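J.: When you get a sec, could you give me coordinates for this:
(4 chains)
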Protein chains: 2
Amino acid sequence: MVTLKDIAHRANVSESTVSKALNGNENINDETRENILEIARELDYSPNYRAQALANKTTNIIGVVIPRLDRYYYTELVQHIKKRLQESNYSLILCSTDKSIKEEKKYIKNFKRGQVDGAIFTEIHEENCTALLELADKIPVIGLGNVGYVTEFAEQIPIVDSDLTEGSYRLTKYLLDLGHKNIIFIGDCEARFSGFKRAMKENDNNINDKFFRSGLDSYQEGLKLGKEIAALAKQPTAIVCMNDELAIGVITSLKKQGKKIPDDVSVCGMDNIDLSQAFTPSLTSVEVPKKAIAQKAVDIIMKFLSEENIFEGSNQILFDTELIIRNSVKKMYIQ
Amino acid sequence: MVTLKDIAHRANVSESTVSKALNGNENINDETRENILEIARELDYSPNYRAQALANKTTNIIGVVIPRLDRYYYTELVQHIKKRLQESNYSLILCSTDKSIKEEKKYIKNFKRGQVDGAIFTEIHEENCTALLELADKIPVIGLGNVGYVTEFAEQIPIVDSDLTEGSYRLTKYLLDLGHKNIIFIGDCEARFSGFKRAMKENDNNINDKFFRSGLDSYQEGLKLGKEIAALAKQPTAIVCMNDELAIGVITSLKKQGKKIPDDVSVCGMDNIDLSQAFTPSLTSVEVPKKAIAQKAVDIIMKFLSEENIFEGSNQILFDTELIIRNSVKKMYIQ
DNA sequence: CTGTTAGCGCGTTCAG
DNA sequence: CTGAACGCGCTAACAG
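T.: The predicted structure is shown next:
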């Protein structure tokens, strides 16, 4: 490995002079600088990452923690985060918790030890909030999603999210306006469920919370749930799924059991992932501005890192969502 | 930040004694060890990542480079890699190149500077092979996919892949056996195209390479291609897409233009992603053992890192693929 | 069993 | 403009 020392030796100068030359320090003779740069090029020198990290107390890495790596919504989000980070020449260390509290804590710990310069957490577990606050004491931390119990920490941990309580409220309202009455909610997201509940209450409808269960969030779960739902004594006319993958799973399963979507039962999702328009029937969903969220999160961290080292302005940013009407919902009142 | 020094001070011992106690060194008095551990706990000490990295010359991080973060095949693959890595207590720094040679080179450079202990590259660009070899000189590097031009470097860079040349050969053969004659291939993967070509040649069929084009690999591209194909003078009876997302895009587009799948035209994909069975029609595809590939790649790196520091055994591992027959292909000979 | 010393590779004073 | 000296926080070799 080529080090400063090697260059210094070859150039007959001290290491510190080399360091300065390489880092664009002004106070250095043009000639010696040129010479040093020339030698560095010849030797194909590039500074040791670990040494720089220790000396500079920075890694140029941002940690991003998501629940799963193979969940569309998150990977689309991370793709946007990566793009934005790249503009500032930061790398990204991507961690998935597989929904485990313990794993999440492990990442928090690693980050605390100086593995990254800043962190973006999605879907933080309530149990880890204190640990996260301690982390936020050392490096900038942003939370995406699961606003609920994190709100109280907003001073130290800015939250960027889409207003899915409102989004799911509007979606449910849309169903109610079309004449649906027996609507069930599927998923494990508090915020989304609460929007659903608000809409249902406003119309004096009964709220079935049987399918508001932890772990209900994937295509595979949707497949299982389809059977469970088909076996229900009282069949719903519409199903609100907390995300598109769940909806696709449910529909696939219901179809296999001979149900027509949306004729027999309407199903809609949220997040509006790429494939929801390709699916048959195309999925009525709620658009989440992933790109805007990603960019905002990165921008906040970068600002903190580059400038004042303090969060400013509003620490809780909610982006609006948009109802995307497609073909997986039936109008009831026409009958 | 709490350092060894702080603990040493409190315990009235030297830093090195603390270091030993904390690292489970045998040669240390039980009493002093207990005392040190106790203090460390009190102070909530955890070693500085960057300092350890410099001193140990390791980061406990493996770099994984993929073309895109929002491509199903890769994220499923990475999810498996992560799982396996976790067993060895390694983290993963995930980099996406967005198919840019320049970005890929940037990651190689970062890795060379000591950012990671080992690296897994997928879809390596030919232009970066020399740079990659230099990297492989310092840390273990594994290549996944795009076996073609990398083969010659197999001594230094083990390759783990699925045999998709064979897989696409079998898929094409299956179509031919069902009586299809005018089959087109869509995609930008050399290996998959060559399997297609071999099957076609064996049956003395014409090979249309009009849709073997760089960049053809995504759902969005599939949507565009659907139009292009529908406008063709001579309509194909079957389309082989290099991956499932592309196939889903093509089908979605063709459907919109009034085509029936598979009655008017058969379409199949490769990779067998989760959703291909949920799609309508369910997709005939080629199963790739992602989990096995991921685990094998990690295992090779871990072995290198933990033991002999040298690659052994075969350096080019090809897993078998499996033809998954579903409902997106029509039998022609029945007519 | 413990402490001293040196070093990992780089950045940064602060004299000269 | 240059270099010596020290620090980042931890590990390792070697005395004692």
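J.: CA atoms for contacts and neighbours, from now on please.
T.: Fine.
J.: where's the closest residue to chain B within chain A relative to B:Val65, distance?
T.: Closest to chain B within chain A is A:Ile93: 4.3 Å, counting by Cα to the nearest Cα. Distance from A:Ile93 to B:Val65, counting by Cα to Cα, to the nearest Å: 12 Å.
J.: A:Arg71 too?
T.: Applying Cα to Cα to A:Arg71 and B:Val65 gives a distance of 18 Å.
J.: what ranges do the helices span in chain A?
T.: Per DSSP state H, chain A carries helices over the ranges A:4-11, A:15-22, A:30-42, A:49-56, A:72-87, A:101-110, A:129-136, A:147-150, A:164-177, A:190-202, A:219-230, A:244-256, A:290-306.
J.: Tell me, how many residues neighbour the residue of chain A closest to chain B?
T.: 22 (other Cα atoms under 10 Å in any protein chain shown).
J.: and the residue nearest to it when sequence neighbours are not counted, what does it touch?
T.: Nearest non-adjacent residue to A:Ile93, counting by Cα to Cα, 6 or more residues apart in numbering or on different chains: B:Ile93, 4.3 Å away. Counting by Cα atoms under 8 Å, 6 or more residues apart in numbering or on different chains, B:Ile93 makes contact with A:Leu92, A:Ile93, A:Leu94, B:Ile61, B:Ile62, B:Gly63, B:Val64.
J.: Where does pLDDT dip in the stretch 151-300 of chain A?
T.: Scanning the stretch 151-300 of chain A for pLDDT under 70 picks out A:151-152, A:154.
J.: Residue of it nearest DNA strand D, please.
T.: Relative to DNA strand D, the nearest point of the stretch 151-300 of chain A is A:Gln156 (22.5 Å; Cα to the nearest atom of the strand).
J.: wouldn't that residue be in contact with A:Ala136 here?
T.: Yes - with contact defined as Cα atoms under 8 Å, A:Gln156 counts as touching A:Ala136 (6.5 Å).
J.: thinking again about what came up before, just the contacts of B:Ile93 now: which is nearest A:Thr165?
T.: Nearest to A:Thr165 out of the contacts of B:Ile93 is A:Leu94 (Cα to Cα; 27.3 Å).
J.: now that closest one, which residues is it bridged with?
T.: A:Val64 (DSSP bridges).
J.: what about it, how many residues close to it?
T.: By the criterion of other Cα under 10 Å, A:Leu94 has 20 neighbours.
J.: Near DNA strand C, which residues of chain A are found?
T.: A:1-5, A:15-17, A:19-20, A:23, A:46-49, A:51-52, A:54-56 (Cα under 7 Å from any atom of the strand).
J.: from these, which would you call buried?
T.: A:Leu4, A:Glu15, A:Thr17, A:Ser19, A:Ser46, A:Pro47, A:Asn48, A:Tyr49, A:Ala51, A:Leu54 (16 or more other Cα atoms under 10 Å in any protein chain shown).
J.: I'd like the helices of chain A as a markdown table, with distance to B:Thr237 appended.
T.: Listed next are these as a markdown table, based on distance: least, Cα to Cα, whole Å:
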| stretch | distance to B:Thr237 |
| --- | --- |
| helix A:4-11 | 64 |
| helix A:15-22 | 62 |
| helix A:30-42 | 57 |
| helix A:49-56 | 55 |
| helix A:72-87 | 32 |
| helix A:101-110 | 50 |
| helix A:129-136 | 57 |
| helix A:147-150 | 51 |
| helix A:164-177 | 41 |
| helix A:190-202 | 45 |
| helix A:219-230 | 31 |
| helix A:244-256 | 27 |
| helix A:290-306 | 39 |
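J.: so which of the ones you listed is the most packed in?
T.: Of all these, helix A:244-256 carries the top mean neighbour count, a mean of 26, counting by mean count of other Cα atoms under 10 Å in any protein chain shown.
J.: Pull up the residues of chain A that are close to chain B.
T.: A:46-51, A:53-54, A:57, A:68-70, A:72, A:75-76, A:78-79, A:82, A:91-95, A:110, A:113-115, A:248-249, A:252, A:278-280 (Cα under 8 Å from any Cα of the partner chain).
J.: Can you list the buried residues in stretch A:326-335?
T.: Within stretch A:326-335, the residues that count as buried by 16+ other Cα under 10 Å are A:Asn327, A:Ser328, A:Val329, A:Lys330, A:Met332.
J.: Among these, which one lies nearest to B:Glu34?
T.: Nearest to B:Glu34 among those, with distances taken as Cα to Cα, is A:Ser328, at 64.3 Å.
J.: What distance do you get for the closest one to A:Val18?
T.: Distance of A:Ser328 to A:Val18, given as Cα to Cα: 66 Å.
J.: ok, now A:Phe319?
T.: In terms of Cα to Cα, A:Phe319 sits 48 Å off from A:Val18.
J.: got the contact list for A:Val265?
T.: A:Pro236, A:Thr237, A:Ala238, A:Ile239, A:Lys259, A:Val329, A:Lys330.
J.: The last one contacts A:Cys268, correct?
T.: The one in question is A:Lys330. No - using Cα under 8 Å, A:Lys330 makes no contact with A:Cys268, being 10.6 Å away.
J.: Which residue ranges make up each domain of chain A?
T.: Split into domains by automatic domain parsing, chain A comes to A:4-47, A:57-163+A:290-321, A:164-287.
J.: who wins for proximity to B:Phe193 among those?
T.: Between these, domain A:164-287 lies closest to B:Phe193; by Cα to Cα that is 25.4 Å.
J.: so how far is that closest one off the chain centroid?
T.: Centre-to-centre, domain A:164-287 and its host chain are 22 Å apart (Cα atoms, centre = their mean, to the nearest Å).
J.: what's the span of it, first residue to last?
T.: End-to-end distance for domain A:164-287: 10 Å, by Cα to Cα.
J.: With stretch A:113-121 instead?
T.: End-to-end distance (Cα to Cα), stretch A:113-121: 17 Å.
J.: Tell me how many other residues surround the nearest residue to A:Met332 once chain neighbours are set aside.
T.: In this structure, A:Met332 finds its nearest non-sequential neighbour in A:Gly179, 4.9 Å apart by Cα to Cα, 6+ apart. By other Cα under 10 Å, 16 other residues sit near A:Gly179.
J.: correct me, but A:Gly179 touches A:Val329?
T.: No - the criterion here is Cα under 8 Å, and A:Gly179 misses it with A:Val329 at 11.0 Å.
J.: if I read this right, A:Arg68 contacts A:Leu94, doesn't it?
T.: No - applying Cα under 8 Å, one finds A:Arg68 not in contact with A:Leu94, separated by 10.2 Å.
J.: burial of A:Met242, as a residue count?
T.: By other Cα under 10 Å, the residues close to A:Met242 number 30.
J.: so who does it touch?
T.: Here A:Met242 is in contact with A:Phe185, A:Ile186, A:Gly187, A:Asp188, A:Cys189, A:Arg192, A:Phe193, A:Asp217, A:Gly269, A:Met270 (Cα under 8 Å, 6+ apart).
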